[in-house]
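# sequence below, structure please.
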Amino acid sequence: MRFLVRTRSDHPNTPPLRVSSPAERFWPRLAMTMAVCVLALATPACSRTPAAPDWNIVLISVDTLRIDHLGTYGYDRPTSPAIDALASGGVVFEQAICQNTNTNPSHASMLSGLYPHSHGNRDNFYRMAEDVHMLPEALHEAGYKTAGFVSGYTLKDRICGLARGFDVYDDDFSGKERRGGETTDRVLAWLRTHAEDRFFLFVHLFDPHGPYDPPADRAVRFEPRGPERKVAPDRIPRYQRLPVDSPEDAHWTDLRLYEARYDEEIAYADSQVARLLDELRQLGLYEKTIIVFTSDHGEALDERVHLLDHGGGIGDEEIRVPLILRLPDGRFAGRRFTGQVELIDIAPTLAALAGVDMGDGIQGVNLLLHLEKGSGDPHPTAFIETRVIPHRWRERGYRLNPRESLKAVRRPGSKLVVFPGLPRNYIELYDLEADPAEKDNLYPGARDKARPLIVELDRFLALPSRLNQVASPEADPETLEIFRTLGYAD
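Numbers count the residues shown, from 1 in each chain. So this is what the prediction gives:
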């Protein structure tokens, strides 16, 4: 079956742009696989970065975190003093792109160095393919004590399969999430008993994820600001609705309030990051610990048709994420790197710093080599995709808008989005420099500009795939209900 890409009008005299069929991609795929192997042998990626085997590694991921709601990226509300302070002592990446706008597959890419297409975990409903070698496994094999502490239901091991390689993988909570404070309490207790060990610590905080319900005793509060931004009541996603006192079942429709609550969630998560960093200092570990701070994806507030949500969109507000790297020796401190990078670069960069081998086929790059050069795009083209739903979940009532199953390629100045679920594989093309809000679709009028991006998309689809090697968790009533409360099911 051919994957045809036509204009929306599908004019009979306009030849279609085409992304080749699976059969036609067999030989290119074989050639691509061989090329990856040759490239892996020819590229001195990890070996040229001096290893620091005595350094610990801490990877912090705050879920659903917009890059433009942090002070270090220019936000004017004081949402992130601890994160901003961390950034001042490290390198800040201005164009870090996630590989999927859902929690589970994005973290799988973060920890494996592979695109979802290649590790097989393409939505919150899939487990990682069994033969994927993960960063925690490589570090564990090298003698690191490894611990992961997660706060969202979709990162429970029975859902995602990401616990491999961890001595401790703490997903012991009920319901859809646990507060960042509870997770941080457990993290600090683990740190105090492993201060003498060389360790890798992965900390996931879920708080900014909807529904936006910061703790009642939160220290930071923000008032709605600016002119009213009211919308029709049914445009607020059901799982996000903030109730008013009366009438019954009514909810707030002013987006200013939702944005203020979202910012309070970020500030609360930042306070937990502060606790973690302070504990590292008190234990004498801060100056011998590599720290990476990032997020799995962003959040659409009111930029798109879908409000206060993520996972089904591919705008920059969802795919651009914060990425900060702090090294104990002070290298690159105060730098802002403007080249385009991807979350798949985290694992190979940390592996290189630790002097461990993750094996062949890693699709991310060692960012240290590019930081040493000082410029350029480690990934001139980034690849992103959104939701792909298992059949068993569709049978249990999960519904996916066809406009939400997307594939995209992004260059620093342009983005091409393909909607395979819509008739004729509808395409959007945006000039990100002239139109950063992505309001003016240039396709089909700019077919010549779209063509090289379509070629890049075809190259991406030809990469080795594990899509047939993954399983999804059982769609039991409890899991389905939790997914509904998180906005992942209707």
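
# low-confidence ranges, the stretch 51-200 of the chain, go.
51-53 (pLDDT under 70).

# please enumerate the helices of it.
81-88, 103-112, 116-119, 135-141, 157-160, 180-193 (DSSP state H, counting those that start in this stretch).

# most tightly surrounded among the ones you listed?
Sort the helices of the stretch 51-200 of the chain by mean neighbour count, taking mean count of other CB atoms under 10 Å, and helix 103-112 sits at the top with a mean of 29. Heads up, the C-betas are built off the backbone N, CA and C, glycines and all.

# so which elements touch that helix?
strand 56-62, helix 116-119, helix 135-141, helix 157-160, helix 346-354 (3 or more CB pairs under 8 Å, 6 or more residues apart in numbering; DSSP states H and E).

# re earlier: which one of the helices of the stretch 51-200 of the chain lies nearest to Pro452?
helix 116-119 (19.8 Å; CB to CB).

# relative to the whole chain's centre, how far out is that closest one?
Distance of helix 116-119 from its chain centroid, counting by CA atoms, centre = their mean, to the nearest Å, is 14 Å.

# which secondary structure elements does it sit against?
helix 103-112, strand 382-385.

# just put these in a markdown table and tack on distance to Ile362.
Below are the helices and strands packed on helix 116-119 laid out as a markdown table (distance: least, CB to CB, whole Å):
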| stretch | distance to Ile362 |
| --- | --- |
| helix 103-112 | 8 |
| strand 382-385 | 15 |
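
# ok, back up a step: how about the helices and strands packed on helix 103-112 in CSV, adding distance to Pro233?
Output for these, formatted as CSV (distance: least, CB to CB, whole Å):
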stretch, distance to Pro233
strand 56-62, 30
helix 116-119, 35
helix 135-141, 45
helix 157-160, 32
helix 346-354, 40
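
# looking at the helices of the stretch 51-200 of the chain, which is nearest to Gln240?
Once those are compared by CB to CB, helix 103-112 is nearest, at 16.1 Å.

# ok, back up a step: which among the helices and strands packed on helix 103-112 is found nearest to Arg281?
Ranking the helices and strands packed on helix 103-112 by proximity to Arg281 (CB to CB) places strand 56-62 first, at 12.3 Å.

# what's the angle between the closest one and helix 103-112?
Strand 56-62 and helix 103-112 are oriented at 160 degrees to each other (axes from the mean of the first three to the mean of the last three CA atoms, to 10 degrees).

# please state the offset of strand 56-62 from the chain centre?
14 Å.

# and of the helices and strands packed on helix 103-112, who's closest to Arg198?
Ranking those by proximity to Arg198 (CB to CB) places strand 56-62 first, at 6.1 Å.

# which outside residues touch that closest one?
Contacts to strand 56-62, defined as CB atoms under 8 Å, 6 or more residues apart in numbering, come from residues 107, 110, 139, 144, 198-205, 207-208, 266, 269, 273, 276, 280, 285, 288-296, 346, 350, 353-354.

# re the thing from before, His194 is nearest to which of the helices and strands packed on helix 103-112?
Closest approach to His194 among those (CB to CB): strand 56-62, 9.1 Å.

# tell me which strands the closest one pairs with, and in which orientation.
Using DSSP bridges, the strands paired with strand 56-62 are strand 199-205 (parallel), strand 289-294 (parallel).

# now Pro208: how far from Glu481?
22 Å (CB to CB, to the nearest Å).

# out of the two, which sits in the busier spot?
Taking neighbours as other CB atoms under 10 Å, Pro208 and Glu481 compare with Pro208 leading, 28 against 12.

# for Ala434, see how far away the more buried one is.
Pro208 sits at a distance of 30 Å from Ala434 (criterion: CB to CB).

# I'd like the helices of the stretch 51-200 of the chain as CSV, with distance to Asp171 appended.
Formatted as CSV, the helices of the stretch 51-200 of the chain follow (distance: least, CB to CB, whole Å):
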stretch, distance to Asp171
helix 81-88, 24
helix 103-112, 12
helix 116-119, 19
helix 135-141, 14
helix 157-160, 6
helix 180-193, 10
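
# so who does the closest residue in space to Val273 that isn't next to it in sequence touch?
Spatial nearest neighbour of Val273, chain neighbours left out: Ala82 (4.7 Å); criterion: CB to CB, 6 or more residues apart in numbering. Ala82 is in contact with Asp270, Ser271, Val273, Ala274, Leu277, counting by CB under 8 Å, 6+ apart.

# so which of the residues you listed comes closest to Arg235?
Asp270 (29.1 Å).

# on the pLDDT front, check the closest one for me.
Looking at Asp270, its pLDDT reads 98.

# now do the one helix or strand it maps to against helix 180-193, angle only.
Asp270 belongs to helix 255-282 when assigned by DSSP states H and E. Helix 255-282 runs at 10 degrees relative to helix 180-193, counting by the same axes, to 10 degrees.

# hmm, back to that, of the contacts of strand 56-62, just the buried ones, PyMOL syntax please.
This is the PyMOL syntax for the buried subset of those, where burial follows 16 or more other CB atoms under 10 Å:
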select buried, resi 107+110+139+144+198+199+200+201+202+203+204+205+207+208+266+269+273+276+280+285+289+290+291+292+293+294+295+296+346+350+353+354
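
# report the contact partners of the nearest residue to Met128 once chain neighbours are set aside.
Excluding the flanking residues, the one nearest Met128 by CB to CB, 6+ apart is Gly161, at 4.1 Å. Applying CB under 8 Å, 6+ apart to Gly161 gives the contacts Asn121, Arg127, Met128, Glu130.

# list just the nearest of the residues you listed to Gly339.
Each of the contacts of Gly161 was checked against Gly339 using CB to CB; the closest is Asn121, at 26.7 Å.

# is the closest one in contact with Ser106, as I believe?
No - at 9.3 Å, Asn121 does not count as touching Ser106 under the criterion of CB atoms under 8 Å.

# please identify the helix or strand for Val409.
strand 407-411.

# name the helices or strands packed onto that strand?
strand 382-385, strand 414-419, helix 447-461.

# packing partners for the first one?
Same thing as strand 382-385. Judged by 3+ CB pairs under 8 Å, 6+ apart, strand 382-385 is in contact with helix 116-119, strand 407-411, helix 447-461.
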